[in-house]
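K.L.:
generate coordinates for the sequence data below:
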Amino acid sequence: METRTTATPSPQNRPLTPLLVLLFIFLGAAGAWLLRIDPIQHDVPRNFQSVVASGKLEDGSQLKQHFTGLTVIYDTLANLVAAFAAGPTAVWAIFYQTLGGTAIIPLYYAAYEYTSRNDDYYQSGRALDLLSAKSILPATVLAYLIPTIAMYIPFQDPSITQNLIAFWQITPLRIGADRKYLNQIYYAAFVVTAVTHLVLVYICLTSNDPQTKLGYVFLPSKETLKDGVTMGLHYIFQWDFWGIAGSSLLWCWFVVFDVQRLLGSSSVCGVAQAGLVIGVMAVVLGPGAAMAAVWKWKEDKLVGIEEKALRKKN
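P.N.:
Here you go, the predicted structure:
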């Protein structure tokens, strides 16, 4: 009597993964060029190193150069404070603070696309520390949100602001959390980023100050990039913003495609619609809010994917 065995289906790989990885590597290389190489070639920000060496900012205020008592990191913190004193930019990790988010974050997304190429990545479930999960929201507020807000307070003593900027460089953090507590982060991130974006856009649309107009705030201009340290840094941070926001929204779009594919509901129309929704949300509520919404949606869908995979195993 012939015995037949049923082969276990081999895990499927995401289509076009090499192309997605190469795309993010290209975006990271372009970000490195715009953030590091091109400014150096054009001496932007103009006189930046002389400002750090002299210990005085353009407005004459003293640049604090000693923070920790450890000489080995004086120069790094002094350079970071001099840069961010002209206006902080959104970054997510200590590594991004020194090399630039628009150069590093796309490389993270490239690594993500590669490691998640197999469908098992989304079906394996998660083992999580509940205590860490509960701590993520208050820790993020205390260690990141509050220091970020505090940097915008116009203290009379410049050294207070510079101390806050130095502290802010080391505050990005990442803690695993289960779905319930992770959703709290998504809700909080959505509200904070959406409100911030709406307030910023309102100020830009209603202010008579030419330096708060939408074009001045968001669009890099080579006409002013050599007008001192502040304008040079403004130009660099604008590209940093566009690189981080653009690659992050693109990543979100690919994540939506992955989830739709695993649920068996992907189509050209569905993928195009998802891209349109993400783009509109990024413009209206800000890229941060769009990311939070996508990841909240993904988290909800992953529960179904993981439960389906578990039923198949049993």
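
K.L.:
quick one: low-confidence parts of this protein?
P.N.:
Counting by pLDDT under 70, the chain has low-confidence residues at 1-11, 42-99, 121-181, 225, 304-314.

K.L.:
and the longest helix for it?
P.N.:
helix 228-262 (DSSP state H).

K.L.:
next SSE after that helix?
P.N.:
helix 268-285 (DSSP states H and E).

K.L.:
please enumerate residues in contact with that next one?
P.N.:
190, 193-194, 197-198, 245, 249, 252-253, 256-257, 260, 289-290, 293-294 (Cβ atoms under 8 Å, 6 or more residues apart in numbering). C-beta here means a position set from N, CA and C on the backbone, and glycine is covered the same way.

K.L.:
thinking residue 113 is in contact with residue 21, fair?
P.N.:
Yes: between residue 113 and residue 21 there is a contact at 5.2 Å, judged by Cβ atoms under 8 Å.

K.L.:
more neighbours: these two, which one.
P.N.:
Neighbours per residue (other Cβ atoms under 10 Å) separate residue 113 from residue 21, with residue 113 holding more: 24 against 18.

K.L.:
buried residues of the helix or strand where the more buried one lies, list them for me.
P.N.:
Here residue 113, judged by DSSP H and E, is contained in helix 101-115. Neighbour-count burial for helix 101-115, counted by 16 or more other Cβ atoms under 10 Å, picks out 101, 102, 103, 104, 105, 106, 107, 108, 109, 110, 112, 113.

K.L.:
for that helix, name the packing helices and strands.
P.N.:
Here helix 101-115 touches helix 17-32, helix 94-99, helix 228-262, going by 3 or more Cβ pairs under 8 Å, 6 or more residues apart in numbering; DSSP states H and E.

K.L.:
ranking those by burial, who's on top?
P.N.:
Among the helices and strands packed on helix 101-115, the stretch with the highest mean neighbour count (mean count of other Cβ atoms under 10 Å) is helix 228-262, at a mean of 21.

K.L.:
quick one, it and helix 17-32 angle?
P.N.:
170 degrees (axes from the mean of the first three to the mean of the last three Cα atoms, to 10 degrees).

K.L.:
got the angle between helix 228-262 and helix 268-285?
P.N.:
150 degrees.

K.L.:
turn the helices and strands packed on helix 101-115 into a markdown table, including distance to residue 203.
P.N.:
A markdown table is the format used below for those (distance: least, Cβ to Cβ, whole Å):
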| stretch | distance to residue 203 |
| --- | --- |
| helix 17-32 | 27 |
| helix 94-99 | 26 |
| helix 228-262 | 16 |
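
K.L.:
I'd like the distance between residue 185 and residue 200.
P.N.:
22 Å (Cβ to Cβ, to the nearest Å).

K.L.:
tell me which of those two has more neighbours.
P.N.:
residue 185 (18 against 15).

K.L.:
where does that one land in three-state SS?
P.N.:
helix (DSSP: H, G, I helix; E, B strand; the rest coil).

K.L.:
for residue 212, see how far away it is.
P.N.:
Distance from residue 185 to residue 212, by Cβ to Cβ: 30 Å.

K.L.:
try residue 220
P.N.:
The value you get for residue 220 to residue 212, if Cβ to Cβ is used, is 16 Å.

K.L.:
can you report phi and psi for residue 118?
P.N.:
phi -90, psi 140 (degrees, to the nearest 10).

K.L.:
if anything else comes up later, I'll come back, but that's it for now.
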